[in-house]
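**Student:** sharing a model prediction with you, sequence too.
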Amino acid sequence: MSSRAVSPPDVGVVVVAAGSGLRAGPGEPKQFRPILGVPMLLRALRPFTSHPDVAHVVVVLPPAFADRPPEWLGKLVGERLTLVAGGAHRVDSVQRGFQALGPEVEVVLVHDAARPFVSRGTVDAVVALAREGVGAVAAIPMGDTVKEAND
């Protein structure tokens, strides 16, 4: 049995969902829109809230939603899930998320709520690297060609 199996959860996750989602067009913020009936943000949270090593998840929201989140999100708030208001820029939002993490956190993951399909294997791999003292960014190979065009 590994030492991790008997150690208390020590991973903190900052899920950044404070953007306005302007490119997604009018309507509710992109992070609250459903994908096959499930809000994007909820899909992004599930791999972390269900992970046995995760002690605390902080969701950074647009300031207007931090105190008045959608009902489905407000029901999840508790000891393991906290909501905080984002800042003027992404770096400010991430910093606010860091500041809200509990003292039990030894490993911190930062995740973009607009990336709702992270796998358990990806979370495990990044946590394992962090435990070894390695900074890691999860990514997948890009299959499309990106081109820049001028008028």
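**Tutor:** Received it, and whenever you're ready, just let me know what you need. Residues are numbered from 1 along each chain as shown.
**Student:** point out where this structure drops to low pLDDT.
**Tutor:** 1-6, 20-27 (pLDDT under 70).
**Student:** and after the longest strand along the chain, which helix or strand comes next?
**Tutor:** When the chain is parsed with DSSP state E, its longest strand is strand 54-61. Sequence order places helix 63-66 as the next helix or strand after strand 54-61, per DSSP states H and E.
**Student:** please verify my assumption that Pro8 contacts Ala55.
**Tutor:** Yes: counting by Cβ atoms under 8 Å, Ala55 is a contact partner of Pro8 at 7.2 Å. In short, each C-beta sits where N, CA and C put it, glycine included.
**Student:** which of those two has more neighbours?
**Tutor:** Neighbours were counted for Pro8 and for Ala55 using other Cβ atoms under 10 Å; Ala55 has more, 21 against 7.
**Student:** how about the more buried one: what's its closest non-neighbour residue?
**Tutor:** Distance criterion Cβ to Cβ, 6 or more residues apart in numbering; nearest residue to Ala55, sequence neighbours excluded, is Pro9 at 3.8 Å.
**Student:** correct me if wrong: Pro116 contacts Pro34.
**Tutor:** No: using Cβ under 8 Å, Pro116 is not in contact with Pro34; the gap is 10.7 Å.
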